[in-house]
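S.K.: fold the following and give me the result.
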Amino acid sequence: MPGPKKTLSIFNSSEAQVRFLKYCVGFFIPVIIVYFILELLVLNIPINYKVFGNYLNTHSQEIEVMALGSSQMKCGFDPALSDENAINFASTSQHHNEDFHILKGTIDRLPKLKYVLLEVSYNHLELPHHPNDYWKNTIYLKYYSVNAFGRPTYFKDRLVYLSNPRFYSYKLMDYYFYKTDNSQLNEYGFDINNYNGAFKKLNYDETKIAAHKFKIITREDISIFKKNTAYLFEMLDYAKAEDLKVIVCSLPLYKTYLKERNPNIVRRRDSVLSVIKKKYSNVILLNEEADTLQFTAKDFLNENHLNPDGAKKFTDLVNQKLDSLN
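M.R.: Model prediction:
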């Protein structure tokens, strides 16, 4: 039988543990409550991913065209102007590995899918793919039910605010307080008011635009090029096996951007496009990158993104390609 001192020691130890547990509960419960309030507020923001997901869920039986790509495709193709029922899954900094996950993760829900718009822009093949823990994987899982994590998913993988607190904190402040976002998303998630870029600020004055400084990646990476090219061929093999017709797109660039491109990167990319054209009977090319006749300064948001006026022109060109495939 333990003595009085030992019994008292055990009692004091247990009491300390209880106090510690109470402290932890008292600390973490408010934190959890605040987080879930933030999560609910974020989910209430009408971001384009949410609109994409809603359109996918309500029109899955009708969709015939799927657009994939980065911000260039996001700004350049408006499904509302497509001659075929379309959805545009493109988003900022989205790469081919995310594109492929989206295609494979949604194709079983799209019985009428016939065509895929796949972006292969200037330096697309020499930029590294994102890792499996890329923050947008939560977006794809939450709104598209697409698992791009490369592993079984957990509860936290669907928590949008937690995926990128800095990004969504800015979104929260802007949407609920500053209200500076002038986006007008149509039912497809395309921003029909996307004009407030560098070119509008310069009043579309070509002299001022010529002097405007902008960022362009000119760094070469042969190892990434080889890896990404093999991955692109894997995507095209999959599309062929699924009896999908693919339009490989290079979207328009403004003439000042065209001049600053690394010619070695352009040459390697174009060599891949030539191989694709010969190898895949289900693929056609829509290379409008250097089209400076149809696309003028007033069609651009900035040096390498179209505004809605430019998107109308590009979507018309897509329609012409779809007509030729039909």
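S.K.: can you tell me which residues contact the residue nearest to the spatial centre of the chain?
M.R.: Centrality entry for the chain: nearest residue to the mean C-alpha point is S91, 2.4 Å, by CA atoms, centre = their mean. By CB atoms under 8 Å, 6 or more residues apart in numbering, S91 lies in contact with N48, Y49, S70, S71, K74, K136. In short, each C-beta sits where N, CA and C put it, glycine included.
S.K.: please tell me I have it right and the last one contacts Q94.
M.R.: So the one you mean is K136. Yes - using CB atoms under 8 Å, K136 makes contact with Q94 at a distance of 7.2 Å.
S.K.: more neighbours: the two, which one.
M.R.: Q94 (22 against 17; other CB atoms under 10 Å).
S.K.: which residue packs closest to that one, ignoring adjacent ones?
M.R.: S70 (5.2 Å; CB to CB, 6 or more residues apart in numbering).
S.K.: now do the one you found against I209, distance only.
M.R.: To I209, S70 is 22 Å away according to CB to CB, to the nearest Å.
S.K.: neighbour-wise, which of those two wins?
M.R.: S70 (24 against 20).
S.K.: next up, the contacts around that one.
M.R.: A90, S91, T92, S93, Q94, H95, E119, S121, H124.
S.K.: can you pull out the strands in the stretch 1-150 of the chain?
M.R.: 65-68, 86-88, 115-119 (DSSP state E, counting those that start in this stretch).
S.K.: what about the second one, distance to the chain center?
M.R.: Offset of strand 86-88 from its chain centre (CA atoms, centre = their mean, to the nearest Å): 13 Å.
S.K.: residues in contact with it?
M.R.: So strand 86-88 is contacted by 52, 55-56, 59, 63-67, 73-74, 77-79, 188-190 (CB under 8 Å, 6+ apart).
S.K.: next one: the residue nearest to Y115 when sequence neighbours are not counted from N203, what distance?
M.R.: Using CB to CB, 6+ apart and skipping residues adjacent in sequence, the residue nearest Y115 is V65, 4.6 Å away. Separation of V65 from N203 (CB to CB): 35 Å.
S.K.: so which of those two has more stuff around it?
M.R.: Each of V65 and N203 has its neighbours counted (other CB under 10 Å); V65 has more, 25 against 9.
S.K.: and that one, what does it touch?
M.R.: P79, S82, E84, N85, A86, I87, L113, K114, Y115, V116, L117, L322.
S.K.: lowest-confidence helix or strand of the protein?
M.R.: Among the helical and strand segments of the chain, the one scoring lowest on mean pLDDT, DSSP states H and E is helix 4-43, with a mean of 62.
S.K.: before we move on, the earlier item: and of the strands of the stretch 1-150 of the chain, who's closest to K215?
M.R.: strand 115-119 (18.7 Å; CB to CB).
S.K.: partners of that closest one in the sheet?
M.R.: strand 65-68 (parallel), strand 245-250 (parallel) (DSSP bridges).
S.K.: winner for burial among those?
M.R.: strand 65-68 (a mean of 26; mean count of other CB atoms under 10 Å).
S.K.: what distance do you get for the residue nearest to the centre of the chain to D99?
M.R.: Counting by CB to CB, the gap from S91 to D99 is 10 Å.
S.K.: low-confidence stretches in this structure?
M.R.: 1-32 (pLDDT under 70).
S.K.: and it, what are its domain boundaries?
M.R.: 1-44, 48-131+182-325 (automatic domain parsing).
S.K.: in JSON lines: those domains, plus distance to Y168.
M.R.: Below are these laid out as JSON lines (distance: least, CB to CB, whole Å):
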{"stretch": "domain 1-44", "distance to Y168": "5"}
{"stretch": "domain 48-131+182-325", "distance to Y168": "12"}
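S.K.: deepest-packed of those domains, please.
M.R.: domain 48-131+182-325 (a mean of 18).
S.K.: now the end-to-end length of that one.
M.R.: 29 Å (CA to CA, to the nearest Å).
S.K.: ok, stretch 204-218 next?
M.R.: 26 Å.
S.K.: from the chain's centroid, how far away is that stretch?
M.R.: Per CA atoms, centre = their mean, the centroid offset for stretch 204-218 relative to its chain is 25 Å.
S.K.: which parts of the stretch 51-200 of the chain are helices?
M.R.: 71-76, 96-106, 136-144, 160-163, 165-173, 198-201 (DSSP state H, counting those that start in this stretch).
S.K.: okay, these in JSON lines with distance to T229 next?
M.R.: Formatted as JSON lines, the helices of the stretch 51-200 of the chain follow (distance: least, CB to CB, whole Å):
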{"stretch": "helix 71-76", "distance to T229": "19"}
{"stretch": "helix 96-106", "distance to T229": "10"}
{"stretch": "helix 136-144", "distance to T229": "23"}
{"stretch": "helix 160-163", "distance to T229": "30"}
{"stretch": "helix 165-173", "distance to T229": "31"}
{"stretch": "helix 198-201", "distance to T229": "32"}
